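Q: kindly return the folded structure for what I paste below:
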Amino acid sequence: MRAAICFIALLTATAPVRATDFSGRIKLDTIGYDAGSDTPEASLGYQHSNELTGQLRLELQQDYQPWKFEAAWQLDARHGSAVERDQAMASSYPALASSDTNTSYWDLQDTVTDSNSNLSSQRLDRFNLSYSSNAFVARLGRQALTWGSGLVFHPMDLVNPFQPVATDTAYKRGTDMAYLQWLLDDGSDIQLVSVAHKQRNTNDPDGDKASSAVFANLIGDTLQWSLLLAQDRADAVLGMATSGPWGGAVWNLEVIPTYLDNSSTRTSALFNISQAGSLLQRNITSFAEYYHNGFGISDNDYTLADLNPELLLRLQRGQQFVTGRDYVSAGATWEWTPLLQLVPTLVFNLQDHSSLLDLQLNRSLGNNTSLKGGLRIGAGSRGSEFAGLELAPGAGLYLSAPTQLFIRMESYF
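A: Numbers count the residues shown, from 1 in each chain. The predicted structure follows:
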């Protein structure tokens, strides 16, 4: 409970200070899963499972210009048969169980309860001190960072990227890092980042090696450019991105070659275009995106046992979430009323023709409260990525993201 104790001590110490800003979020979910009849989950008696989840997040910001301190504490709780399912999977299929992708240098999280169908944990998700002036920002500690212009896939985002069609993107998981930014007069900026990793619960040979990067945003007359030069653990990463207008739309292009420690090169690429308009006299923002996964499998018939080591490492680290080579995605945010949004997203694997459909309905209940519901379902032939990859040739068991139905209530304060 050291993270909670630390956060409470901070609240006590800063309570009398006028510059302190305190906020937070409460989130409640009910989720149902259907894994399919020929899956490892079904073999353990958990084809169908469900869970109730809750989250409490408290945020503290203290401003002493030019200095600023930020901290956030988060409590997550789960109850239901899905917790038992995950425990059974970890015991019977340890290689398939959800891995611990927390590679932050400081271990600021604890398990509060872990018994039968109950699991809860807490962590300090932000804990940093920053200094800023008109042309310079320096920040040290646990923080979040996002690079790239991907809408579904995020190949240029090297630190804790969101998974495709993530249902909750309000907060990105914090990572321990040092961050510097220089702001130029024309709106361009240069960023330097150093991320320390610590190897935990993983066989990654480079799990404790640091990542360092230089990232530049350059503003032109009509185009904007981004350049990336990074040492990501043992591998060198280059990146080039550009974006600009096309009529009433905006497009983005990214090319990211990774030079592996074994002297081979894997190049990923992304292109998307988005546009705002109207449909049936209602506002709509739509997009289309193509993603080339340089680490993915180019065949349309493979099993989990066929995945290459470089891909497996990135799946374990949480830097990759798909196994194929080429994908097309399309989606929209359609305002049926000012308080009601329909958000469909479709991801299609161009090699094996499987697809993932995500449908969400968002209803605002007030200035700070919303109700959300969603359905996620994979389709395709058995043995394809989104319908279920076979564990090994002839295994007869298939692993895929289960069909998922959820309802969420969240409130900010």
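Q: C-alpha from now on. contacts and neighbour counts both.
A: Will do.
Q: which strands and helices lie in contact with whichever helix or strand residue 50 is part of?
A: Element membership for residue 50, per DSSP states H and E: strand 48-64. Strand 48-64 is packed against strand 20-34, strand 67-79, helix 81-92, with contacts defined by 3 or more C-alpha pairs under 8 Å, 6 or more residues apart in numbering; DSSP states H and E.
Q: tell me which strands the longest one pairs with, and in which orientation.
A: Same thing as strand 20-34. Using DSSP bridges, the strands paired with strand 20-34 are strand 48-64 (antiparallel), strand 403-412 (antiparallel).
Q: now swap in the second one and tell me
A: When pairing is defined by DSSP bridges, strand 67-79 lines up against strand 48-64 (antiparallel), strand 118-132 (antiparallel).
Q: pick the most buried one from those.
A: Stretch with highest mean neighbour count among the strands paired with strand 67-79: strand 118-132 (a mean of 20; mean count of other C-alpha atoms under 10 Å).
Q: redo the helices and strands packed on strand 48-64 as CSV? Include mean neighbour count, distance to residue 253 and mean pLDDT.
A: Listed next are the helices and strands packed on strand 48-64 as CSV, based on neighbours: other C-alpha atoms under 10 Å; distance: least, C-alpha to C-alpha, whole Å; pLDDT from 0 to 100:
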stretch, mean neighbour count, distance to residue 253, mean pLDDT
strand 20-34, 17, 35, 97
strand 67-79, 20, 33, 98
helix 81-92, 18, 38, 95
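Q: dump these to a markdown table, plus distance to residue 197.
A: Converted to a markdown table, the helices and strands packed on strand 48-64 look like this (distance: least, C-alpha to C-alpha, whole Å):
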| stretch | distance to residue 197 |
| --- | --- |
| strand 20-34 | 28 |
| strand 67-79 | 20 |
| helix 81-92 | 24 |
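Q: can you list the weak-confidence ranges in the stretch 101-250 of the chain?
A: For the stretch 101-250 of the chain, residues meeting the criterion pLDDT under 70 lie at 101.
Q: mind listing the strands for it?
A: Here the stretch 101-250 of the chain has its strands, by DSSP state E, counting those that start in this stretch, at 109-115, 118-132, 136-143, 175-183, 189-195, 211-219, 224-232, 235-246, 249-259.
Q: how about those strands, which one is nearest residue 351?
A: Evaluated over the strands of the stretch 101-250 of the chain, closeness to residue 351 peaks at strand 249-259, with 20.4 Å, by C-alpha to C-alpha.
Q: what packs against that closest one?
A: strand 235-246, strand 265-279.
Q: within the sheet, what are the partner strands of that strand, with directions?
A: strand 235-246 (antiparallel), strand 265-279 (antiparallel).
Q: wait, what's in contact with residue 134?
A: residue 183 (C-alpha atoms under 8 Å, 6 or more residues apart in numbering).
Q: ok, back up a step: nearest to residue 54, of the strands of the stretch 101-250 of the chain?
A: strand 118-132 (9.2 Å).
Q: what angle separates that closest one from strand 109-115?
A: 170 degrees (axes from the mean of the first three to the mean of the last three C-alpha atoms, to 10 degrees).
Q: ok, and what's touching strand 118-132?
A: Contacts of strand 118-132 (C-alpha under 8 Å, 6+ apart): 1, 3-4, 7, 65-80, 83, 108-114, 137-144, 173-175.
Q: now the strands for the stretch 251-400 of the chain?
A: Going by DSSP E, counting those that start in this stretch, the stretch 251-400 of the chain shows strands at 265-279, 282-292, 326-337, 340-349, 355-364, 369-379, 389-390, 398-399.
Q: re the thing from before, closest one to residue 270 among the helices and strands packed on strand 48-64?
A: Of the helices and strands packed on strand 48-64, nearest to residue 270 by C-alpha to C-alpha is strand 20-34, at 31.1 Å.
Q: okay, the angle between the closest one and helix 81-92?
A: Using the same axes, to 10 degrees: strand 20-34 against helix 81-92 is 70 degrees.
Q: name the nearest residue to residue 193, ignoring sequence neighbours.
A: Leaving aside its chain neighbours, residue 193 sits nearest to residue 179 (4.7 Å; criterion: C-alpha to C-alpha, 6 or more residues apart in numbering).
Q: so that neighbour makes contact with residue 139?
A: Yes. Counting by C-alpha atoms under 8 Å, residue 179 touches residue 139, with 5.1 Å between them.
Q: quick one, what contacts the residue minimising distance to the centre of the chain?
A: By C-alpha atoms, centre = their mean, the chain has its centre lying nearest to residue 162, at 1.5 Å. Residue 162 makes contact with 154, 169, 172, according to C-alpha under 8 Å, 6+ apart.
Q: what sits closest to the second one if chain neighbours are left out?
A: It refers to residue 169. residue 162 (7.3 Å).
Q: over to that neighbour: give its phi and psi.
A: Recorded main-chain torsions at residue 162 are phi -70, psi 150, according to degrees, to the nearest 10.
Q: separation between it and residue 152?
A: Remark: distance between residue 162 and residue 152 (C-alpha to C-alpha, to the nearest Å) = 9 Å.
Q: same check on residue 370?
A: 23 Å.
Q: neighbour count for the two, which is higher?
A: Using other C-alpha atoms under 10 Å, the more surrounded residue of residue 370 and residue 152 is residue 152, with 24 against 18.
Q: could I get the contacting residues of that one?
A: 163, 164, 165, 289, 329.
Q: and if we set it to 10 Å?
A: By C-alpha atoms under 10 Å, 6 or more residues apart in numbering, the contact list for residue 152 reads 162-166, 272, 287-291, 328-331, 345-347.
Q: and what of residue 379?
A: Counted by C-alpha under 10 Å, 6+ apart, residue 379 has contacts 348, 353, 354, 355, 356, 357, 385, 386, 387, 388, 403.
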